[in-house]
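**Student:** Predicted model and sequence below, questions to follow.
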Amino acid sequence: MQDWTESADVVVIGSGSAGMSAALSAHEAGSKVLVLERSQKLGGTSAVSGGLPWVPNNHHMHEVGCADSREEALTYLRRLSAGKMDDALCETFVDTAPGVIKFLEDKTDLEFVALTIPDYHPEFEGGKVGRSLTAKLFAAGELGALRPALRMSPHFPIPVSLADVSDGKTNLLDPAMIADRMARDLVGTGHALMAGLIKAVQDRGIPMKLGVRARDLVIENGTVVGLLCEQDGKSIRIGARRGVIIASGGFEWNEDLLKTYVFGPTPAPLSPPFNEGDGLRMAINAGAELGNMSEAWYHASMRIPGEEYEGRQLNRLTSAERHSPGAIIVNAKGQRFVNEALSYHDVCHAMRMLDPLKFDFPNERAWVVVHQGYMDRYTFLTRMPGDPVPRWITQAPTIAELAQKIGVDADGLQATIARFNANAAQGTDPDFHRGESAYDRYYGDRDREGAFQTLGPLDQGPFYACELRIGTIGTRGGPRVNSRAEVLASGGGIVPGLYAAGNAMASFTGMSYPGAGGTIGPALTFGHIAGQSAASGSNRF
Amino acid sequence: MPEVTLSAQCSATPQQAWAFVEHMDNWAPFLTGYQRHETIDERNSIWVVKGELGGLTRIAEFRVQITAWVEPERIAFELEGVDEPFAGHGIFSIAGAQSDPSPAAPTMRPGILQRIRDWIARRILSQIFGSTETAKNQPTAAPNTRLTCTLALNASGGSGPIMNILLAPMLPAIAQDMADKIVAALDQRAAA
């Protein structure tokens, strides 16, 4: 019927957490599976991330003294989503995700532990601690010949686990510990999650083809039966007897798609530069119904000039620079506009705010400002306390001179810092309520108490600044799916044979980012569901 | 401090080798990751190098100061990171081939702990990137000159100890690669 170069029952596009989860569940359900990866590395966006799945009501929560319920999780998600939540999919996620973690622990070498990281709004009804999980350190050497193909993260270059951060007892820069872990080729963060998933896929003999870019779907009689792909500059045809699962990530590296769909300033991507919306374009061509297209998983980021990942400017994660005492964020007027210690995602919401009078985005250009006391104690991107201050951090002996150097209103900045200092000295922030939430304090200075973990005056020159940018881990719009991860058709019904998961599918929580791992938890879950659903069909050829 | 010393032979005469080495522009582009350099004066220069690890590349600037200039035998220098807490030193020396007829592979002079770390890092790097082995110099048909290079580089600051774990196995590879290219250039000149 078709002249296929190769075929399988289920073909998965993408090798991130959604794709690998799909591959494993489809195989478990008895399908012959094929994984296609566009780049020369396996792991996708998940591999460069912290690698945490956010899973409500998971069976590890008791390890950190917490309990959860279906209703609490749904209440929390509903509270955050500003009316944009897809109730049915949220229920599917909450009901399915804990079992997916158990499945992965039963069927792979991965082991998870619960972290003490609070949800991003633990103060809201249903907010919790313990929903964010991390994979334990994983021996990546077990990947054998595939070890060099594991995507490495520019954000987490040394073998540490978020559990190390969570327990607060591990010296992450202990050379003996790092040397020992390297000797055993242990990896943490997203590397651990993806190494474990890749190992499981490898153990099952599921082929993973690198350097194969899916370009279009092959549709016969309204049903997806395969893919047109590029490999080494040639076109190949991959047959999919039961279904194609789009798990190819978002479109944050495609400026045209961003301009078309995402309102406001164009975000700077933190993901590998291969997420160009390949899956989205295929889904559109297949008549998919789209959803949540204007939203992204945002991350307030900073840049070090001259740093690149895969040949593109690297946008770095921020944490200490927003959570630690003696640090604030200001706009060009020198004014604070947000609780700096909110989640990286929520800080970006404030940066993306439109001024409807002037029709501009007054917080789009923003700066992290710190004082010498900060530099003596805390990290600033890759600069460690005591290191020389690199030139990519602007410095000046006074606040006014710093403001002049970075192009910020000097009077405004001086007034802002004077007010902030007076309040911070009392451990309060009446303007933006920083330090009131447990999350605000979590990544602050644990040697301090209460709100002082994140609040402290900027009272010791010199003063320093670095530009903060609206970044994104990935977009979160795409084809809408049902509770079987089947892609919905724009005219009603489904697109037979087509499934989606991860950042390639329309996120079901609207604009909200519930907690650490809010991307990977749903990705693993809907990947799992997509694999099961695709495998449950009968062969079409 | 991670340090490497290596020797290589070439068919150029010591005079030809010195004439080549004394002008930085001749060999600067042979440094792995070299982007550009700027001569400040006869003793001082700024070097811009791009380092790479696991897909992440970063531009680093170094101040290089010539500390000894013994024509036509030896050039010694010190280097220091402009934005990064790195510092180091090195020596280029040129001698007649008869003073040591056998070309040597890079030799490390680390302590026990450093050797363990080096082994770990080599193993990891080979797993991440594939083989870290570099091509060894082949004795030239008529060696006339022996070039010896010592390069030491130390990361300090908060992340220095870990950076040094990663740095140690890279130095021999970088030094060997550069030496091979210099020898090839000198052999080409000698044959011309």
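**Tutor:** Everything's here; your move.
**Student:** And stretch A:86-105, what's buried?
**Tutor:** For stretch A:86-105, a neighbour-count test (16 or more other CB atoms under 10 Å in any protein chain shown) marks A:86, A:89-98, A:100-101, A:103-105 as buried. Backbone N, C-alpha and C define where each C-beta goes, glycine included.
**Student:** which of the residues you listed sit farthest apart?
**Tutor:** Across these, the two members that end up farthest from each other (CB to CB) are A:86 and A:105, 27.7 Å apart.
**Student:** show me where chain B has strands.
**Tutor:** In order along the chain, chain B carries the following strands (DSSP state E): B:3-10, B:34-39, B:44-53, B:56-70, B:74-81, B:86-96, B:107-108, B:145-155.
**Student:** If you count contacts, what does the fourth one end up packed against?
**Tutor:** In this case it means strand B:56-70. Contacts of strand B:56-70 with other secondary structure elements, assessed using 3 or more CB pairs under 8 Å, 6 or more residues apart in numbering or on different chains; DSSP states H and E, are made with strand A:296-309, strand B:44-53, strand B:74-81, strand B:86-96.
**Student:** For the chain, give the helix that spans the most residues.
**Tutor:** No chain specified, so I'll use chain A. Longest helix in chain A by number of residues, with DSSP state H as the criterion: helix A:87-107.
**Student:** should've been chain B
**Tutor:** Longest among the helix segments of chain B by residue count, using DSSP H, is helix B:160-191.
**Student:** Mind checking if that helix is in reach of chain A?
**Tutor:** Yes - Helix B:160-191 comes into contact with chain A when judged by CB under 8 Å from any CB of the partner chain, the residues involved being B:161-162, B:164-165.
**Student:** Would you state the predicted confidence (pLDDT) at the closest residue to chain B within the stretch 1-150 of chain A?
**Tutor:** Of all residues in the stretch 1-150 of chain A, the one sitting closest to chain B is residue A:147 (4.6 Å; CB to the nearest CB). In the prediction, the pLDDT value recorded for residue A:147 is 96.
**Student:** Turn the helices and strands packed on strand B:56-70 into TSV, including distance to residue B:19 and mean neighbour count.
**Tutor:** TSV is the format used below for the helices and strands packed on strand B:56-70 (distance: least, CB to CB, whole Å; neighbours: other CB atoms under 10 Å in any protein chain shown):
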stretch	distance to residue B:19	mean neighbour count
strand A:296-309	34	22
strand B:44-53	19	16
strand B:74-81	13	18
strand B:86-96	10	18
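**Student:** circling back: and the longest helix of chain B, how far from the chain's centre?
**Tutor:** Taking CA atoms, centre = their mean, to the nearest Å, one finds the center of helix B:160-191 at 4 Å from the center of the full chain.
**Student:** do stretch A:120-130 as well
**Tutor:** Its chain's C-alpha centre lies 19 Å from the corresponding centre of stretch A:120-130 when counted by CA atoms, centre = their mean.
**Student:** For residue B:59, list each beta-bridge partner.
**Tutor:** Taking DSSP bridges, one obtains residue B:50 as the residues bridged to residue B:59.
**Student:** what pLDDT does residue A:96 get?
**Tutor:** In this model, residue A:96 carries a pLDDT of 98.
**Student:** What are the boundaries of the strands in the stretch 251-400 of chain A?
**Tutor:** Ranges of strands in the stretch 251-400 of chain A, per DSSP state E, counting those that start in this stretch, are A:268-269, A:290-291, A:296-309, A:312-316, A:327-331, A:366-371, A:394-396.
**Student:** Excluding chain neighbours, what is closest to the spatially most central residue of chain A?
**Tutor:** Nearest residue to the geometric centre of chain A (CA atoms, centre = their mean): residue A:473, 4.8 Å. Nearest residue to residue A:473 in three dimensions, chain neighbours excluded: residue A:297, at 4.4 Å (CB to CB, 6 or more residues apart in numbering or on different chains).
**Student:** between the strands of chain B, which gets the lowest average pLDDT?
**Tutor:** Averaging pLDDT over each of the strands of chain B puts strand B:107-108 lowest, since it has a mean of 49.
**Student:** C-terminal to the lowest-mean-pLDDT helix or strand in chain A, what's the next element?
**Tutor:** Using mean pLDDT, DSSP states H and E, the weakest-scoring helix or strand in chain A turns out to be helix A:162-167, at a mean of 80. Counting by DSSP states H and E, the element after helix A:162-167 in chain order, helix or strand, is helix A:175-183.
**Student:** Buried residues, that next one. List them.
**Tutor:** In helix A:175-183, the ones that count as buried by 16+ other CB under 10 Å are A:175, A:177-179, A:181-182.
**Student:** now it, how far from the centre of its chain.
**Tutor:** If you compare the mean C-alpha spot of helix A:175-183 with that of the full chain, they lie 27 Å apart, counting by CA atoms, centre = their mean.
**Student:** Output the contacting helices and strands for it.
**Tutor:** If contacts are counted by 3+ CB pairs under 8 Å, 6+ apart, helix A:175-183 sits against helix B:112-129, helix B:160-191.
**Student:** got the CA coordinates for it in PDB?
**Tutor:** Below are the C-alpha coordinates for helix A:175-183, written out as PDB (Å, rounded to 0.1, in the frame of the first residue of the first chain):
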ATOM      1  CA  PRO A 175      35.200  18.300  45.000                       C
ATOM      2  CA  ALA A 176      35.600  14.900  46.700                       C
ATOM      3  CA  MET A 177      31.800  14.200  46.300                       C
ATOM      4  CA  ILE A 178      31.700  15.400  42.800                       C
ATOM      5  CA  ALA A 179      34.800  13.400  41.900                       C
ATOM      6  CA  ASP A 180      33.200  10.300  43.400                       C
ATOM      7  CA  ARG A 181      30.000  10.800  41.500                       C
ATOM      8  CA  MET A 182      31.900  11.400  38.300                       C
ATOM      9  CA  ALA A 183      33.900   8.200  38.900                       C
END
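**Student:** and the helix or strand following it, which strands flank it?
**Tutor:** Of the helices and strands lying after helix A:175-183 in sequence (DSSP H and E), the nearest is strand A:186-187. Strand A:186-187 pairs in its sheet with strand A:138-139 (antiparallel), by DSSP bridges.
**Student:** Where does the stretch 151-300 of chain A get nearest to chain B, which residue?
**Tutor:** Counting by CB to the nearest CB, the stretch 151-300 of chain A gets nearest chain B through residue A:152, at 3.1 Å.
**Student:** need the contact list for whichever residue of the stretch 201-350 of chain A sits closest to chain B.
**Tutor:** Across the stretch 201-350 of chain A, no residue is closer to chain B than residue A:306, which sits at 3.0 Å (CB to the nearest CB). Contact criterion CB atoms under 8 Å, 6 or more residues apart in numbering or on different chains gives B:50, B:58-59 as the residues in contact with residue A:306.
**Student:** Same check on residue A:505?
**Tutor:** With contacts defined as CB under 8 Å, 6+ apart, the neighbours of residue A:505 are A:246, A:478-481, A:485, A:487, A:526.
**Student:** Relative to residue B:176, which of the residues you listed is nearest.
**Tutor:** Sorting those by how near they are to residue B:176, with CB to CB, puts residue A:246 at the top with 45.7 Å.
**Student:** correct me, but the closest one touches residue A:285?
**Tutor:** No - because the distance of 11.7 Å does not satisfy CB atoms under 8 Å, residue A:246 is recorded as not touching residue A:285.
**Student:** In helices, which of the contacts of residue A:505 fall?
**Tutor:** Counting by DSSP H, the contacts of residue A:505 contribute residue A:526 to helices.
**Student:** Could you check how many residues crowd around the residue lying closest to residue A:361 once chain neighbours are set aside?
**Tutor:** Distances taken as CB to CB, 6+ apart put residue A:265 closest to residue A:361, at 5.5 Å, once the chain neighbours are dropped. Applying other CB atoms under 10 Å in any protein chain shown, we find 18 residues neighbouring residue A:265.
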